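1. here is my input, please return the structure:
(chains A and B)
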There are 2 protein chains.
Amino acid sequence: MDIVRRTDGAFHWEGVPIREYKHEGTAPFRDVTRQVLFEPEGLPAQLRYFEVAPGGWTTLERHEHVHAVMVIRGSGQALVGDRAYDINLHDLVSVPPMTWHQFHAAPGEALGFLCMVAAERDRPQLPADHEIDAIAKPLKRA
Amino acid sequence: MDIVRRTDGAFHWEGVPIREYKHEGTAPFRDVTRQVLFEPEGLPAQLRYFEVAPGGWTTLERHEHVHAVMVIRGSGQALVGDRAYDINLHDLVSVPPMTWHQFHAAPGEALGFLCMVAAERDRPQLPADHEIDAIAKPLKRA
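-> Numbering: from 1, shown residues only, chains lettered A, B, ... in the order given. Purely as a prediction, here's the structure:
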């Protein structure tokens, strides 16, 4: 891996592919990309960059592994547990184990965030259809 | 820990103490602060934020553990191995094992960067006095 990987000023990095957030059809989401910035040998963690297009959202899910998040672009809302939080540039978000969570971009602005996770981690769980409305209730719908 | 910790817009975060970079006198450095943003239970890594004041620098050191770095404020230079790299907003820097490295802020601008490391890691080694000039040779001195 190159020692320094530069940005193009638009949240793309040299040598870092822009990946599908998840495979289409495996879970509900809208307009999200994923870039794995660091997964170094000898460091049991990854640093990823997710970008949610204006008005988009990540999958509503929970898992045992924790997320350590920093917003580095735009603003939006983070649903974590039973509350929705407005989030802005450089805010930090901690997602505890087995806590429902979802990230929403503001209607007019992309939301980009870093997410540190353990390299070894469990697979996300999705809510049953009948649970979704109750879990997502704290969100201010655009 | 709070779910969301906000910034004051100046790279300080709610509930995150601004720490000494290292103890004075233990190693050479100038005008550096350290904030530990995330060290979550169950995640074997930390995310820290270092800020180097204009014209300042971190300690020239090496160690077995790797550093995964993203610039989130300002610009400067990273000395890694036998090269110095200009670094700017959102550039990524990988510091391999046992590689001499040092971060320098530009003369007129603070340099702030995130650094992901393993939670368990070895202590840095410092160069002998007679080695420093040769290691630091690639730097453009201000």
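
2. the nearest residue to residue A:21 once chain neighbours are set aside: what secondary structure?
-> Excluding its sequence neighbours, the residue lying closest to residue A:21 (C-beta to C-beta, 6 or more residues apart in numbering or on different chains) is residue A:32, at 3.7 Å. (C-beta placed from N, C-alpha, C; glycine too.) Recorded secondary structure, residue A:32: strand (DSSP: H, G, I helix; E, B strand; the rest coil).

3. residue A:32 against residue A:52, yeah?
-> Yes: under the criterion of C-beta atoms under 8 Å, residue A:32 makes contact with residue A:52 at 5.1 Å.

4. find the residues that touch each one of those two.
-> residue A:58 (C-beta atoms under 8 Å, 6 or more residues apart in numbering or on different chains).

5. neighbour count for these two, which is higher?
-> Applying other C-beta atoms under 10 Å in any protein chain shown to residue A:32 and residue A:52 shows that residue A:52 carries more neighbours, namely 27 against 19.

6. contact partners for that one?
-> The contact partners of residue A:52, by C-beta under 8 Å, 6+ apart, come to A:30, A:31, A:32, A:58, A:76, A:103, A:104, A:105, A:110, A:111, A:112.

7. okay, and it sits in which element?
-> Assigned by DSSP states H and E, residue A:52 falls within strand A:45-57.

8. what's the average pLDDT for the following helix or strand past that strand?
-> Using DSSP H and E, the helix or strand that follows strand A:45-57 in sequence is strand A:67-74. Averaging pLDDT along strand A:67-74 yields 98.

9. quick one: strands adjacent to the worst-scoring helix or strand of chain A on mean pLDDT?
-> Least confident helix or strand, chain A: strand A:19-20 with a mean of 90, by mean pLDDT, DSSP states H and E. Strand A:19-20 has its sheet partners listed here by DSSP bridges as strand A:30-38 (antiparallel).

10. alright, that wraps it up for me.
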